[in-house]
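Colleague: One predicted model, sequence on top.
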Amino acid sequence: MLQNLALLYLAIAHGTDQSLTDDELEVMVRRLRDWAPELSEDDVKMVILEASAVYLHGDRDAEIEQAMLSIRAEADVIDRLLALDGLIEVADADGVRLASEDGLIEALRDIWQLNPQG
């Protein structure tokens, strides 16, 4: 799940505005370490680097979709809520929340079945 989260963090941090700030990277590392506290900061940075290779050189849209669906299948509702909270924190890390970031967050709420039924 860590690789999938890293890919989604990259999508929200970089994919929405084509930049990755130090603040965003710091939040990504911290939030990923919350999921795998046994990993060192360098280990987590390696996970992000590996996800970056997929993000930059793979079929980005297909990989992001697969990551979303994998997390939905693997994680219970509490973990999906925590993952969404991490994505929101990454989106806010640079001090600007873009409409495209909000769009991705809302899409994930739907895909991860986190919207209240009304």
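Modeller: That came through fine.
Colleague: Helix or strand for the nearest residue to Leu104 once chain neighbours are set aside, just tell me which one.
Modeller: Closest residue to Leu104 apart from its sequence neighbours, by Cβ to Cβ, 6 or more residues apart in numbering: Ile12 at 5.5 Å. C-betas here are computed from N, CA, C, even on glycine. Here Ile12 is covered by helix 2-13, with elements defined by DSSP states H and E.
Colleague: so what secondary structure elements neighbour that helix?
Modeller: Packed against helix 2-13 by the contact rule (3 or more Cβ pairs under 8 Å, 6 or more residues apart in numbering; DSSP states H and E) you find helix 22-35, helix 41-57, helix 60-74, helix 77-92, helix 99-111.
Colleague: pLDDT averaged over the first one - what is it?
Modeller: This points to helix 22-35. Helix 22-35 carries an average pLDDT of 94.
Colleague: hmm, who's touching it?
Modeller: Counting by Cβ atoms under 8 Å, 6 or more residues apart in numbering, helix 22-35 makes contact with 1-2, 5-6, 9-10, 13-14, 39, 41, 44-45, 47-48, 82, 86, 89-90, 93-95, all of which sit outside it.
Colleague: now do the longest one
Modeller: Counting contacts by Cβ under 8 Å, 6+ apart, the residues outside helix 41-57 that touch it are 2-3, 6-7, 9-11, 14-15, 25, 28-29, 32-33, 36, 39, 63-64.
Colleague: make it 6 Å
Modeller: Residues from elsewhere that reach helix 41-57, judged by Cβ atoms under 6 Å, 6 or more residues apart in numbering: 2-3, 6-7, 10, 29, 32-33, 63.
Colleague: buried sites along stretch 61-72?
Modeller: 63-64, 67-68, 71 (16 or more other Cβ atoms under 10 Å).
Colleague: Could you write out the alpha-carbon coordinates of it in CSV?
Modeller: Output in CSV follows, covering the C-alpha atoms of stretch 61-72 (Å, rounded to 0.1, in the frame of the first residue of the first chain):
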residue,chain,number,x,y,z
ASP,A,61,-3.3,7.6,-15.6
ALA,A,62,-3.5,3.8,-15.5
GLU,A,63,-1.0,3.6,-12.6
ILE,A,64,-2.9,6.2,-10.6
GLU,A,65,-6.2,4.5,-11.3
GLN,A,66,-4.7,1.2,-10.2
ALA,A,67,-3.3,2.7,-7.0
MET,A,68,-6.8,4.1,-6.2
LEU,A,69,-8.5,0.8,-6.8
SER,A,70,-5.8,-1.2,-4.9
ILE,A,71,-6.2,1.0,-1.8
ARG,A,72,-9.9,0.6,-1.9
